[in-house]
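In: one predicted model, sequence on top.
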Amino acid sequence: MCYCIILVDYKILGVLVKKVTILGATGSVGRNTVDLIINSKKKYQIIAVTGYNNYKLLAKIAIKLNCKYAILGNKRNFSKFKVLLKNSSIICMCGEDSVAKAAKFKTDIVFSCIVGLAGLKPTLFAIKNTKIIALANKESLVGAGKILMKDSIKFNTRIIPLDSEHNAIFKIIDKEKITNIKNVILTASGGPFWNKKLKNLKKISVKEALNHPKWKMGKKISIDSSTMMNKLLEIIEASVLFNLDLKQIKILIHPVSLIHGIVNYIDGTSFLVASKPDMKIPINYALNWPEKEDIGFSNLNLLRIKQLKFFKADNKKFPALNLIDHLKEKKYFHSRAVVINAANEVAVESFLNNKIGYFDIVNITSKIVKKYKHKNISSYDDIMLIDRDTRRLSKELINGLSG
């Protein structure tokens, strides 16, 4: 941490100010982060905010936060973006290289909120230049977990996950010995289809799949939640982040989304984290770690909660969970994780564009992970090569289906 006001480092009125960069400020998690910071502006100096397409919202955020840099990933609207900021002192940049550059600024905390593997490169840069990575971009851990965790140790950077489930587990085992842990349970809402019969799920529209009953999220994560592909990715994420074996990570359906994570210990005790389902809670935790800040959320009223129900996940209804079998061979764990992530991203995009059916998402991902000739990963270039190959193969398969 450092003492500062906007653009100048020093102590103002005795307030300790954190330097913050938000990668992906225009997305769902990014917007929630912005909302929290705006309500406590004196505590933070915003170094940079980035976005990709939504230049109007990014400009609005940059002005509200009085940040030093505003970076638009998509160059197409850069001239319009500059016009919106012409009367400010904010430095405008554009392009993916500039987004990566934003991750190199020295900060106290970087919020990695860019969706998909596009967030990997900036996250790898950020981990070398900040004290805390608040990680919403689960694809970074899924695709490059080995590299990220190695760098976090090398550069003494704390990774705090923003997924509600992993944030819950982090809170419980932050200073706990891994050898004391029997297993962990990640809860899942089940999405919009958990209580529907399989025979009634043959034809699912994009609108139906996006209609999450509990969480307000972006389109990609909403679809992943409905297929439970997000839980498969979260199993990978938890394995890497907490150094757990895959068999130590369990999934339970918990439709009301009040219990977010459970840790079972070898001595027969269990710890859990419970709260209302709101992304601002884990974001607030990361912003203020290791302290806690009152942002107006009330604790759960246990007298009003009559029962907490949990259900076993149905692998027939959610076949994405069966893909865990491809990850049990440790030699190609990371390669297969990259392939699953990339194939799923392509398939989800195709579903959102009405090119394929709902159940094609998992079928395509499964076919690609079986088909791909897996290899060991030792560098960022290895990851991106596998990612590119997988996307090409996935698009070819989808074009064959739609053609």
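Out: Yes, it's here. Residues are numbered from 1 along each chain as shown.
In: okay, CA-based contacts and neighbour counts for the rest of this
Out: Noted.
In: residue 186 - that's part of a strand, no?
Out: Yes: assessed by DSSP: H, G, I helix; E, B strand; the rest coil, residue 186 belongs to a strand.
In: what about it, distance to residue 113?
Out: 21 Å (Cα to Cα, to the nearest Å).
In: neighbour count for those two, which is higher?
Out: Between residue 186 and residue 113, counted using other Cα atoms under 10 Å, residue 113 has the larger neighbour count: 27 against 24.
In: residue boundaries of the helices in the stretch 51-200 of the chain?
Out: Secondary structure of the stretch 51-200 of the chain by DSSP state H, counting those that start in this stretch: the helices cover 55-65, 78-84, 96-102, 120-126, 138-154, 164-173.
In: the fifth one packs against which elements?
Out: Here helix 138-154 is seen to pack against helix 120-126, helix 229-242, helix 333-352, helix 380-402 when contacts are counted using 3 or more Cα pairs under 8 Å, 6 or more residues apart in numbering; DSSP states H and E.
In: Throw the ones you listed into a markdown table and include mean neighbour count, thanks.
Out: Shown next, in a markdown table, are the helices and strands packed on helix 138-154 (neighbours: other Cα atoms under 10 Å):
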| stretch | mean neighbour count |
| --- | --- |
| helix 120-126 | 23 |
| helix 229-242 | 22 |
| helix 333-352 | 24 |
| helix 380-402 | 16 |
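In: can I get those helices in a markdown table with mean pLDDT?
Out: Listed next are these as a markdown table, based on pLDDT from 0 to 100:
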| stretch | mean pLDDT |
| --- | --- |
| helix 120-126 | 95 |
| helix 229-242 | 95 |
| helix 333-352 | 95 |
| helix 380-402 | 92 |
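In: out of those, nearest to residue 170?
Out: Taking Cα to Cα as the measure, those were each checked against residue 170, and helix 229-242 came out nearest at 8.1 Å.
In: which residues are contacting that closest one?
Out: By Cα atoms under 8 Å, 6 or more residues apart in numbering, the residues outside helix 229-242 that reach it are 138-139, 141-142, 145-146, 149, 166, 178, 188, 221, 224-225, 244-246, 249, 251, 320-321, 323-324, 337, 341.
In: so which of the helices of the stretch 51-200 of the chain comes closest to residue 202?
Out: helix 138-154 (28.7 Å).
In: give me the contact list for the closest one.
Out: Under Cα under 8 Å, 6+ apart, the answer for helix 138-154 is 115-117, 119-120, 123-124, 127-128, 157-159, 233-234, 236-237, 240-241, 334-335, 337-338, 341, 378-380, 383.
In: hang on, the earlier thing: with distance to residue 48 added, can I get the helices and strands packed on helix 138-154 in a markdown table?
Out: Shown next, in a markdown table, are those (distance: least, Cα to Cα, whole Å):
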| stretch | distance to residue 48 |
| --- | --- |
| helix 120-126 | 12 |
| helix 229-242 | 26 |
| helix 333-352 | 27 |
| helix 380-402 | 24 |
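In: go through the ones you listed and name the closest to residue 202.
Out: That would be helix 333-352 among those, by Cα to Cα, at 14.3 Å.
In: the helix or strand just after the closest one packs against which elements?
Out: Next in sequence after helix 333-352, counting helices and strands by DSSP states H and E, comes helix 360-371. Counting contacts by 3+ Cα pairs under 8 Å, 6+ apart, helix 360-371 is packed against helix 333-352, helix 380-402.
In: dump the ones you listed to CSV, plus distance to residue 192.
Out: Formatted as CSV, the helices and strands packed on helix 360-371 follow (distance: least, Cα to Cα, whole Å):
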stretch, distance to residue 192
helix 333-352, 16
helix 380-402, 25
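In: residue ranges with poor pLDDT in the stretch 151-300 of the chain?
Out: Counting by pLDDT under 70, the stretch 151-300 of the chain contains low-confidence residues at 215-216.
In: what residues are up against residue 69?
Out: 47-49, 62, 90-93, 102.
In: if we go to 7 Å?
Out: Residues near residue 69 by Cα atoms under 7 Å, 6 or more residues apart in numbering: 47-49, 90-92.
In: okay, and the beta partners of it?
Out: residue 48, residue 91 (DSSP bridges).
In: possible to save the contacts of residue 69 as JSON lines with distance to residue 29, neighbour count and pLDDT?
Out: Listed next are the contacts of residue 69 as JSON lines, based on distance: Cα to Cα, whole Å; neighbours: other Cα atoms under 10 Å; pLDDT from 0 to 100:
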{"residue": "47", "distance to residue 29": "18", "neighbour count": "25", "pLDDT": "98"}
{"residue": "48", "distance to residue 29": "16", "neighbour count": "28", "pLDDT": "98"}
{"residue": "49", "distance to residue 29": "13", "neighbour count": "30", "pLDDT": "98"}
{"residue": "90", "distance to residue 29": "23", "neighbour count": "18", "pLDDT": "97"}
{"residue": "91", "distance to residue 29": "23", "neighbour count": "15", "pLDDT": "97"}
{"residue": "92", "distance to residue 29": "22", "neighbour count": "19", "pLDDT": "96"}
